[in-house]
Structure formats: structure tokens, C-alpha cells
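Novice: here are the coordinates; sequence isn't available:
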Ligand code: NAD
């Protein structure tokens, strides 16, 4: 075992988890036994919440201009430790080193945004009647929780950590039990950056501790990122307990390809979108709808896909169970009459035989009723459907229950505008395969890809992590009495 038994991080220290329920952490890269993860109990959570509650009065009273100084230093530490963080992320998640480097770079951008918060959270003040002023200010909530998935071991945690904490909250994070290593380094870097003990805490575990977070009387707000089924359950449970909750779920993103699309650029973007992070992205292109004569573009997509070599420029999926699930989807589509143009099943990577690799897969002549057209596959697989008109393509996109992203590839501005208007998704791309809005724009889908109000990053997150205090004051003894005083 390379890293030993994993600990929680509570009140600035790593603390052993006393639990009989222990999970094994296996690297999907090559099957190396990385670590043991004991699953926290309610008592572990209570300890973390107590530490966060104790830290909250001083941290929330620290002026925001001082609070963000921690994140300026944290940003420098992310830069300094980028190679090491990227290597660890790849080891536990299986993505390529280049993808992990990009992930840490995104963490740096997220932190830069948090450093700009003092410029964005100024309140309002107005003399509402003679000598009487109304003023608003954005106030921290208290102890908040962030529950995160496996596919971005550092980026998704950093969607919430810098903003929530810079805004004055104290946080409990519940990492994915599949990738528990990177977050420990994040805790160390936050401490080194000067974050006071207790402001940031890690509680490891699985569904049991997630339920305990939803039920905990001293946690004010919960952000969740993961699959739709769990997002719904967490949203229901947290709001049933009268907590503020924002829960991001899964996705099935459609790329609409028109015959006038630039062939090379379109093929490269679509292939990169479906295969980046081995397709384990909530923004991955998973379904393509070709409108009319697009065979020349599909040929190029296949050629691009064949350039991907598992274990070299295509990382692994998260585990063997995931590999088997993805391969079942491909086989089922084939049995139902779809045509496998590029087949990623039964891949073996020399020297990494125990890794969880799926090769790039292009499936053509998929019909909208097939599982590969409807369900989130979370692997390097693209399912291609064909329509005669753009409206038919939009009808397919609109009918899918998710709504994270949709993209159109065309050189026709009118058609692009039409798709922006008609697609039922929160993030739309025009000639972009992964239309993630960059800071200060916010990230968040629609429909069954997100439950709750607002988005998780950017300016929108400010509303989620704060509450408004309104004060009305009169210091002028001469001010006349009117209807309001
Ligand atoms: P997951 O839903 O299995 O797990 C997410 C978190 O929920 C983990 O911390 C896990 O421990 C916890 N959890 C799992 N089962 C639970 C249960 N029954 N009750 C309570 N908690 C439970 O998701 P995952 O497999 O880690 O991540 C992949 C999913 O996340 C995909 O569906 C992907 O689309 C989605 N995702 C969405 C976004 C987005 O922005 N919408 C971003 C990243 C990932």
C-alpha cells in the first residue's frame, strides 16, 4: 500500500478515522493498491462541525480584504506545487498528466476569482427618507458543506472552497471515496497559506456520512456535485431539513452538427470533447446529432478517434466496474442495430494490464430510443444520431431529461442563434466542444442536471454562500417623523 490509511482533516490536523468499514483505493492506471479509506461515522462529522463552528466567529468577522489574502497565497502554492498535485490527481483518478495539469490550472483561475470577491460583494446604501438610511450587506452563512464526485479530485472541490471560505463561511468537505488523496494536499496548502484551523475540514466516507451531513442541525448549506440520482436524494433530504442546497447532477450533452461546419475543427473539437478525461466529464460530448449530409465530418471524427491511444494520450476510466458498464452499453447498442465505427472494447495496455482502459468509441446510426442515446455513459464514447432538419435535432436534444450543455457546429450565424434559443441546456456552445463558461461567468446546468437556485461558481455563487442583512438607521435627531419611522 503506497500511501497508508487516510485520515480526516479537522481543526488544522490530520485525525485518524476509527471505523470498521474500510474501502480499498486502487489506482485505475495500473491497479496499484494506493491506500485504505475508513468511512467516517456521525461522531467524526460532529467533531468536524464543532471545529468549524468554533472557527466561524473569528473568521467571519475578519474583513474580506484580509480573508482573500489567504487565497492569494494559496494561488501561489497551487502554482508552486502544480506538477506534484497533477501527478497525484492522475494516479488516483486515471486521467492523463496533461489533463491533470489543466485541472490544477483551472483551480488557479477559480482562486483568482475568489481573490476578486471584495470588488463584487459591496453592499448598497440609500437615504430612503430624510436622515434615514437603508443599507444591505452580504453576510456569511456559518458552517457549510461541499460534497464532491470522483471525476475532478481538485477542480470540483475548488469550485466551492475559495468562494465559500473567502465569503466568511467555514467548510466541511466530503471528498469522493474513490479519489480521497488530492484533497489532503489541498488542506495542507490552505493551512500553509495561513487559513486558521477549523475553517476548512475534511470528512471522508460514503453515502452514510452524506446523509449525516444532510441531517446535521449545525450545517447551514450544502452544495453537491455528482450523479442525478444522488443529487435528487441529497437535494430532497437537505431541503427537507430546511437547509439551503444546490445539487448538480449528471448530463447527456448533445452536439448538433450541420453540413456547413468546418470539418477539421469540428472533428477535432468533438473528439476531444467525447474523450477528454476518458469521457468522465459532465460537459463531455456524449451524443452527436448530424443534420443532413455530415458523413465527411464523421469520417474525420473516426480518424481523430483512432489517434487516441489508451494509456498514452487517453487515460483510464475510474475502475473495472466502470469499464465493464461502458462496454455493456456499446455491446447493447451493437445488438440493437447501431454500427460501431471505432470500437474501444477489450483494450489491454501493455505494462498496465490491471488498469481500467476503454478505447475511443464512435457509434453511428444510433436511434433516440437506445440507452446509448439517452443515458449518461461516462466513458470515451460518442453516439451519433441522424436527422434531416435542425428542428428534429433540437427535438431530440429537448427531449433528454438532462440539461447541462449543448453545442452546435456551423458557419451560419442564424442557425447558431436558433440553437442558442431553442436548446434546453444551461451552457451552450457554438463551435465549442466543451462550453464551460470561464470566471467570472458561472457554471451550472438546467433540468435534471441541477437542482436548486443559481449556479455553483462565478458571481452566481455569491448569492448561494451569503445571506443579505438589511439595516435601516437614523442618526439625525432633527429628521422628521414620517410614515416609515
Ligand atoms: P456519485 O453521485 O456516485 O457520487 C457523488 C458524491 O455522492 C460522492 O461524494 C459520493 O460519496 C456520494 N454518494 C454516492 N452515492 C450516494 C448515496 N446513495 N447517497 C448519498 N451520497 C452518495 O457521482 P460520481 O460517480 O462520483 O461522479 C460522476 C457523476 O457526477 C456523473 O454523473 C457526472 O455527470 C456528475 N458530475 C456532474 C457535474 C456537474 O457540474 N453537473 C460535475 C462533475 C460530475
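Specialist: Happy to help now that I have it. Please read these numbers as outputs of a predicted model, since none were measured by experiment.
Novice: Next, find the distance separating the residue of the stretch 1-150 of the chain found nearest the ligand from residue 342.
Specialist: Closest contact between the stretch 1-150 of the chain and the ligand, by C-beta to the nearest ligand atom, is at residue 149 (3.1 Å). The C-beta positions use only the backbone N, C-alpha and C, and glycine is treated the same way. Residue 149 is 27 Å from residue 342, where distance means C-beta to C-beta, to the nearest Å.
Novice: One more: residue 96?
Specialist: For residue 96, the distance to residue 342 - C-beta to C-beta - is 19 Å.
Novice: Could you break the protein into its assigned domains?
Specialist: Domain ranges of the chain: 8-250+445-470, 253-430, per automatic domain parsing.
Novice: got CSV for the ones you listed, with mean pLDDT too?
Specialist: Shown next, in CSV, are the domains of the chain (pLDDT from 0 to 100):
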stretch, mean pLDDT
domain 8-250+445-470, 98
domain 253-430, 98
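Novice: With mean neighbour count as extra columns, can I get these in TSV?
Specialist: Putting the domains of the chain into TSV (neighbours: other C-beta atoms under 10 Å) gives the following:
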stretch	mean neighbour count
domain 8-250+445-470	20
domain 253-430	20
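Novice: could I get the ones you listed as TSV with distance to residue 1?
Specialist: As requested, the domains of the chain are arranged in TSV below (distance: least, C-beta to C-beta, whole Å):
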stretch	distance to residue 1
domain 8-250+445-470	5
domain 253-430	15
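Novice: what's near enough to touch the residue of the stretch 151-300 of the chain at minimum distance from the ligand?
Specialist: In the stretch 151-300 of the chain, the residue found nearest to the ligand is residue 226; the distance is 2.6 Å by C-beta to the nearest ligand atom. Taking C-beta atoms under 8 Å, 6 or more residues apart in numbering, we find residue 226 in contact with 147-149, 234, 248-250.
Novice: Dump those residues to a markdown table, plus secondary structure.
Specialist: Compiled in a markdown table, those are given as follows (DSSP: H, G, I helix; E, B strand; the rest coil):
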| residue | secondary structure |
| --- | --- |
| 147 | strand |
| 148 | coil |
| 149 | coil |
| 234 | helix |
| 248 | strand |
| 249 | coil |
| 250 | coil |
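Novice: follow-up on the earlier one: the residue of the stretch 151-300 of the chain closest to the ligand and residue 248: what is the separation?
Specialist: 8 Å.
Novice: which SS class is the residue sitting nearest the centre point of the chain?
Specialist: The centre of the chain sits closest to residue 156, judged by C-alpha atoms, centre = their mean, with a distance of 4.3 Å. Taking three-state DSSP as the rule, one finds residue 156 in the helix state.
Novice: my guess is it contacts residue 186, does it?
Specialist: No - using C-beta atoms under 8 Å, residue 156 makes no contact with residue 186, being 11.4 Å away.
Novice: just to revisit the earlier point, for the residue nearest to the centre of the chain, list the residues it contacts.
Specialist: Residue 156 touches 148-149, 225, counting by C-beta under 8 Å, 6+ apart.
Novice: Kindly recompute the last result at 6 Å.
Specialist: Residues near residue 156 by C-beta atoms under 6 Å, 6 or more residues apart in numbering: 148, 225.
Novice: Run through the residues of this structure sitting next to the ligand.
Specialist: 147-151, 156, 174, 176-177, 206-207, 210, 225-227, 230, 233, 248-251, 282, 376, 378, 404, 445, 449 (C-beta under 6 Å from any ligand atom).
Novice: one more time with 5 Å, if that's ok
Specialist: Residues of the chain lying near the ligand by C-beta under 5 Å from any ligand atom: 149-150, 176, 206-207, 210, 225-227, 230, 248, 250-251, 282.
Novice: In strands only, show me the residues you listed.
Specialist: Cross-referencing the residues of the chain next to the ligand against strands under DSSP state E gives 225, 248.
Novice: what helices or strands is the helix or strand harbouring residue 72 leaning on?
Specialist: According to DSSP states H and E, residue 72 maps onto helix 64-80. With contacts defined as 3 or more C-beta pairs under 6 Å, 6 or more residues apart in numbering; DSSP states H and E, helix 64-80 has these neighbours: helix 97-115, helix 155-166, helix 182-192.
Novice: Switch the ones you listed over to a markdown table; also include distance to residue 140.
Specialist: Listed next are the helices and strands packed on helix 64-80 as a markdown table, based on distance: least, C-beta to C-beta, whole Å:
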| stretch | distance to residue 140 |
| --- | --- |
| helix 97-115 | 14 |
| helix 155-166 | 9 |
| helix 182-192 | 17 |
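Novice: Nearest residue to the residue of the stretch 1-150 of the chain closest to the ligand in space, ignoring adjacent ones along the chain?
Specialist: residue 226 (4.3 Å; C-beta to C-beta, 6 or more residues apart in numbering).
Novice: In the stretch 151-300 of the chain, what residue spans correspond to helices?
Specialist: 155-166, 182-192, 207-215, 228-240, 263-275, 295-306 (DSSP state H, counting those that start in this stretch).
Novice: you'd agree residue 263 is up against residue 300?
Specialist: Yes - judged on C-beta atoms under 6 Å, residue 263 makes contact with residue 300 at a distance of 5.4 Å.
Novice: where exactly do the strands run in the stretch 251-400 of the chain?
Specialist: 253-257, 285-291, 339-342, 361-364, 381-387 (DSSP state E, counting those that start in this stretch).
Novice: With distance to residue 396 added, can I get these in TSV?
Specialist: Shown next, in TSV, are the strands of the stretch 251-400 of the chain (distance: least, C-beta to C-beta, whole Å):
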stretch	distance to residue 396
strand 253-257	7
strand 285-291	6
strand 339-342	18
strand 361-364	15
strand 381-387	6
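Novice: Which one, of those strands, ends up nearest to residue 437?
Specialist: Distance to residue 437, taken as C-beta to C-beta, is lowest for strand 253-257 among these, at 14.2 Å.
Novice: Now tell me what touches the closest one from outside.
Specialist: By C-beta under 6 Å, 6+ apart, strand 253-257 touches 270, 285-290, 294, 297, 393, 397, 404-409.
Novice: residues in contact with the nearest residue to residue 216 once chain neighbours are set aside?
Specialist: Closest residue to residue 216 apart from its sequence neighbours, by C-beta to C-beta, 6+ apart: residue 49 at 6.0 Å. Neighbouring residues of residue 49 by C-beta under 6 Å, 6+ apart: 143, 216, 218.
Novice: out of the residues you listed, who's nearest residue 473?
Specialist: Out of the contacts of residue 49, the member with the shortest distance to residue 473 (by C-beta to C-beta) is residue 143, at 29.7 Å.
Novice: which one is that closest one nearest to, not counting chain neighbours?
Specialist: residue 52 (4.3 Å).
Novice: Is the one you found in a helix, a strand, or coil?
Specialist: Going by three-state DSSP: residue 52 is helix.
Novice: And the one 4 residues further on, by the same measure?
Specialist: Three-state assignment for residue 56 (three-state DSSP): helix.
Novice: Can you give me the distance of it to residue 346?
Specialist: Residue 56 is 53 Å from residue 346, by C-beta to C-beta.
Novice: Likewise for residue 300?
Specialist: 25 Å.
Novice: now do residue 302
Specialist: 18 Å.
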